[in-house]
Structure formats: C-alpha cells, structure tokens
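*Asks:* no sequence on hand, only this structure:
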C-alpha cells in the first residue's frame, strides 16, 4: 500500500511540474511576441521620420519652381517714349534714304520744281486776300493731285521699302529695327512668339503704311477732288490715333499704344 501511495504522489508532482513548465513557456512566447511588436513599431516610426523630411524638401522644390516665372515677368521693363521716338526717327531716315536712292532715276525734277512753285504762288495769293477759299481749295486740289501722279513711282517704292523694313526685317530680326537696336529696345508678343500678322497690324498704324496705301489707291482710282479731301480726312485720323497712342504709352504700365493693343504686342528695354 505504501508503495502505491508513493507512486501516486510522484505522478501528481510530475503533472504539476509539467503544468508549470507549460505556463512558463507560454509566458515566454507572449513576451517574445511583445518584444517583436515593439521592434516593428520602432522600425516603422524611424522609417516615417526618414520619409517626412524628403516630403518637405519636395514641397520646397515645387514652391521654388513655381516662383521662377514671376521673377522672369518682372525683368521685362517697358521702353520709354523718348527711346521709341528716337528709334522711330532713325528708322524713318533710313527708309527714306533707301527709297530715294532706289527711286531717284524715276523722279522728274523739272515737273516737281514747277509744281512746288505753283503751290507757293497759290498760298501767297490766299494769304494776301487775292484768292477766295473756294478757288484756293480747287487750285490746291489740282496741284496736290498732279504731284501725287508725278511721284507715284516714288510712293510705290517707299511703300515697298517700309513693308520690307518694318514688317519682314523687324520680324526676322527678333523684333528689332536698326533704330531699335541702337536704342536697345525691341518688340515682343503678349503670347509666345511674334507673328507676321502682328507686325503687319502694328506697321499699318504706327508707320502710316495704311494711310499711304489709301492715298495711293485714291490717286489711281479717284478724281482730284476726292483725292484731296479723302487724303486730308485720313491724315487727320492718323494724327489723332498717333496722339492717343502717345498718351497711352505715357500713361499705361505696359507702355502700349493703339497699335500695340490691336496687335497684342509691347516694346521692352533690353
């Protein structure tokens, strides 16, 4: 009996020890799981901290890239009215010189001198009171019409030279004539690049090419009375447009005249 009781006690002690061992193993497993979780969390936190500064750098780069075009726009300064006026005078002198040299063989000097003398005589008679306003206007219409007829070749040559110089040459020379190069200014487009249509629109108004075309057409197809009064009316319109353009150039921030508004261009300093 005693032997049997001792065997039972031994078996019970083994069971208790085995239970304790299993409990310890489960507790060890739990602790290892907790340690692994904490390590993973630490690794993820470190990764997040490494990524955050890079994201901030990308945002800073984007802000710098967006700020560049604003600086480029501020660089363009409008050309002053004095610069544009001096460049215009130089360009007119160059075109007049070239056209006169080309058209010189076609000029009738004797007829031109005769008509100029007749003009001075008519004006002198009107000033002295020997001629009425009606006869003065008819006499002047006849003389100006004859002068336009005799200088038709010169007018055509001048018109062609102005188109080639102010439109073609200026377009393919990066918006600059010789006068604009000397004064360090140029014509630029409000869009990307200058086009032929923009240069034609500008030159028709600011270089009086439209007025010269109309005067030439009146000389060819109209009578002396229509030519005299028609050209006078269009000359007045041209002068008014130029005066308005000068006021707009002086008053506006971009320095745009009527021709610049219509052609979507502006003149800047280099």
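*Replies:* All right, it came through fine. It should be emphasised that the depicted structure is a prediction, and the values quoted were computed from it without experimental measurement.

*Asks:* so where do the strands sit in this structure?
*Replies:* Remark: strands assigned in the chain by DSSP state E are 185-189, 265-269.

*Asks:* the first one pairs with which strands, parallel or anti?
*Replies:* When pairs are called by DSSP bridges, strand 185-189 turns out to pair with strand 265-269 (antiparallel).

*Asks:* apart from its chain neighbours, what residue comes closest to residue 209?
*Replies:* residue 203 (5.2 Å; CB to CB, 6 or more residues apart in numbering). (Each C-beta comes from the backbone N, C-alpha and C, glycine too.)

*Asks:* quick one, what contacts that neighbour?
*Replies:* For residue 203, the contacting residues are 162-163, 166-167, 209, by CB atoms under 8 Å, 6 or more residues apart in numbering.

*Asks:* how near is it to residue 76?
*Replies:* In this view, residue 203 and residue 76 are 22 Å apart by CB to CB, to the nearest Å.

*Asks:* ok, residue 174 - how many residues close by?
*Replies:* Residue 174 sits with 13 neighbouring residues when counted by other CB atoms under 10 Å.

*Asks:* the closest residue to it other than its chain neighbours - how many residues pack around it?
*Replies:* Spatial nearest neighbour of residue 174, chain neighbours left out: residue 186 (6.4 Å); criterion: CB to CB, 6+ apart. Here the count is done by other CB under 10 Å, and residue 186 has 21 residues near it.

*Asks:* would you confirm that residue 186 contacts residue 177?
*Replies:* No - using CB atoms under 8 Å, residue 186 is not in contact with residue 177, being 9.0 Å away.

*Asks:* break this protein down into its structural domains.
*Replies:* 1-75, 77-107+151-269 (automatic domain parsing).

*Asks:* lowest-confidence stretch among those domains?
*Replies:* The minimum mean pLDDT among these belongs to domain 1-75 (a mean of 51).

*Asks:* quick one: pLDDT of the nearest residue to residue 140 once chain neighbours are set aside?
*Replies:* Excluding the flanking residues, the one nearest residue 140 by CB to CB, 6+ apart is residue 122, at 6.2 Å. As predicted, residue 122 sits at a pLDDT of 91.

*Asks:* quick one: residues contacting residue 122.
*Replies:* Taking CB under 8 Å, 6+ apart, one finds 131, 136, 139-140, 143 in contact with residue 122.

*Asks:* mind running it again at 7 Å?
*Replies:* 136, 139-140, 143 (CB atoms under 7 Å, 6 or more residues apart in numbering).
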